[in-house]
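Novice: all I have is the shape, not the residue letters:
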């Protein structure tokens, strides 16, 4: 069964459709890139999957269920913005996640903090933007979830850290889990993706395996994206 | 091993080529145990599923064997590896001829240049 499924999913802001009758199924055991220009509906889709928004029509199902408290226990979500109270220290955030999520692997989180040279006693307000994003990603990837929804996980960090983060994602995720990554930085992520979904103004323009796409087009996903979404 | 994954061709077929080359060149010797899919995927910076597919292909070709207890090993069949080596060599030669033709050299000129460069290589 699909871990995430959309059936005729529609969401409008005012009268403007952000997602327009979308059908999509994501199977467990893969990494999917959710790609599209600004305003194409990527964040909206991820928010709907987390129950932060309600569909206007159609439905979205996580492991066969509507987004709820129950589905939140199997979904690890990295929102587009950090939401931590800035007086908190890194180790207090680890406590918080440990309290909230039964699947949180504290040891893994501590190892990653160490790898990224983040002192556990450091407060959020003392951290740079990049460090905050790293802490947030460490927390999210340290859960043993069935579905990871990552909204722009590498947008604010330098290229070396991007590599470390992608390395973290591919070496930590359970082969039974699925990861959905929304990003603009296609060339950085395309080697680790199984599939790509192109969103274009609320519609799915393409859903294919990266290798199939490269074999058919003889070029990178990044190059295909630039053609499909060329601004004229 | 140095992995250099280009972005204009399928990752999967590039992994197959890389591993083949490592086997043929003896970096992964005859009968030796191979690192796990996860280790190699992390090293190459690719998805473990893709590495898994590459290994499945190498198994189909008989270059890699899966042992129930010992994980994956390189075949001990030297003739099979020799055959792959020959195939890779003829592909390299083919590329040479195509490039020389594009540059406008005929076969005898190209051969002359090749043997001259071969002698120089030997001296070095």
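Specialist: Alright, I've got the coordinates. As the structure is a computational prediction, the values presented were derived from the model and not from experiment.

Novice: can you say which helix or strand has the residue minimising distance to the centre of chain B in it?
Specialist: For chain B, the residue nearest the mean C-alpha position is residue B:21 (2.5 Å; C-alpha atoms, centre = their mean). Assessed by DSSP states H and E, residue B:21 sits inside helix B:11-24.

Novice: ok, now residue B:116?
Specialist: With DSSP H and E as criterion, residue B:116 is part of helix B:107-123.

Novice: how far away from the center of its chain is that helix?
Specialist: Counting by C-alpha atoms, centre = their mean, to the nearest Å, helix B:107-123 is centred 25 Å from the centre of its parent chain.

Novice: need the contact partners of it.
Specialist: With contact meaning C-beta atoms under 8 Å, 6 or more residues apart in numbering or on different chains, helix B:107-123 is reached by B:96-97, B:100, B:105. Where C-beta positions appear, they are placed from N, C-alpha and C, glycine not excepted.

Novice: quick one: mean pLDDT for that helix?
Specialist: Helix B:107-123 comes out with an average pLDDT of 89.

Novice: may I see the contacts of helix B:107-123 arranged in TSV, with distance to chain A and secondary structure as well?
Specialist: Below are the contacts of helix B:107-123 laid out as TSV (distance: C-beta to the nearest C-beta, whole Å; DSSP: H, G, I helix; E, B strand; the rest coil):
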residue	distance to chain A	secondary structure
B:96	22	helix
B:97	22	helix
B:100	24	helix
B:105	28	coil
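
Novice: mind picking the two most distant members of those?
Specialist: Pairwise distances among these were taken by C-beta to C-beta; the largest, 10.6 Å, belongs to B:96 and B:105.

Novice: contact residues of chain A facing chain B?
Specialist: A:29-31, A:163, A:166-167, A:170-171, A:175, A:187, A:190-194, A:210-212, A:214-215, A:218-223 (C-beta under 8 Å from any C-beta of the partner chain).

Novice: so which of these are in helices?
Specialist: Within the residues of chain A next to chain B, residues falling in helices by DSSP state H are A:163, A:166-167, A:170-171, A:187, A:210-212, A:214-215, A:221-223.

Novice: so how many other residues sit close to residue 118?
Specialist: No chain specified, so I'll use chain A. Other residues near residue A:118 come to 17 when the count uses other C-beta atoms under 10 Å in any protein chain shown.

Novice: oops, wrong one, chain B.
Specialist: What residue B:118 shows, counting by other C-beta under 10 Å, is a neighbour count of 9.

Novice: contacts only, for the most centrally placed residue in chain A.
Specialist: Residue closest to the average C-alpha location in chain A (C-alpha atoms, centre = their mean): residue A:150, at 1.5 Å. Residue A:150 is in contact with A:78, A:137, A:140, A:169, A:179-182, counting by C-beta under 8 Å, 6+ apart.

Novice: partners of the helix or strand that contains it in the sheet?
Specialist: Using DSSP H and E, residue A:150 sits in strand A:147-151. Under the criterion DSSP bridges, strand A:147-151 sits next to strand A:75-78 (parallel), strand A:178-182 (parallel) in its sheet.

Novice: can you put these in a markdown table and add mean neighbour count and mean pLDDT?
Specialist: Converted to a markdown table, the strands paired with strand A:147-151 look like this (neighbours: other C-beta atoms under 10 Å in any protein chain shown; pLDDT from 0 to 100):
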| stretch | mean neighbour count | mean pLDDT |
| --- | --- | --- |
| strand A:75-78 | 21 | 96 |
| strand A:178-182 | 25 | 95 |
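
Novice: possible to save the ones you listed as a markdown table with distance to residue A:59?
Specialist: Output for the strands paired with strand A:147-151, formatted as a markdown table (distance: least, C-beta to C-beta, whole Å):
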| stretch | distance to residue A:59 |
| --- | --- |
| strand A:75-78 | 16 |
| strand A:178-182 | 17 |
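
Novice: of all these, which one is nearest residue B:13?
Specialist: Residue B:13 lies closest to strand A:178-182 among these, at 23.3 Å (C-beta to C-beta).

Novice: got the residue ranges for the helices in chain A?
Specialist: Using DSSP H, helices in chain A cover A:42-49, A:69-72, A:90-100, A:106-115, A:129-141, A:159-172, A:186-189, A:210-217, A:221-228.

Novice: among those helices, where is the model least confident on average?
Specialist: Looking at the helices of chain A, the bottom one is helix A:159-172 with a mean of 84.

Novice: which elements pack onto that one?
Specialist: helix A:106-115, helix A:129-141, helix A:186-189, helix B:37-44 (3 or more C-beta pairs under 8 Å, 6 or more residues apart in numbering or on different chains; DSSP states H and E).

Novice: what's the most buried one of those?
Specialist: With neighbours defined by mean count of other C-beta atoms under 10 Å in any protein chain shown, none of the helices and strands packed on helix A:159-172 is more surrounded on average than helix A:129-141, at a mean of 20.
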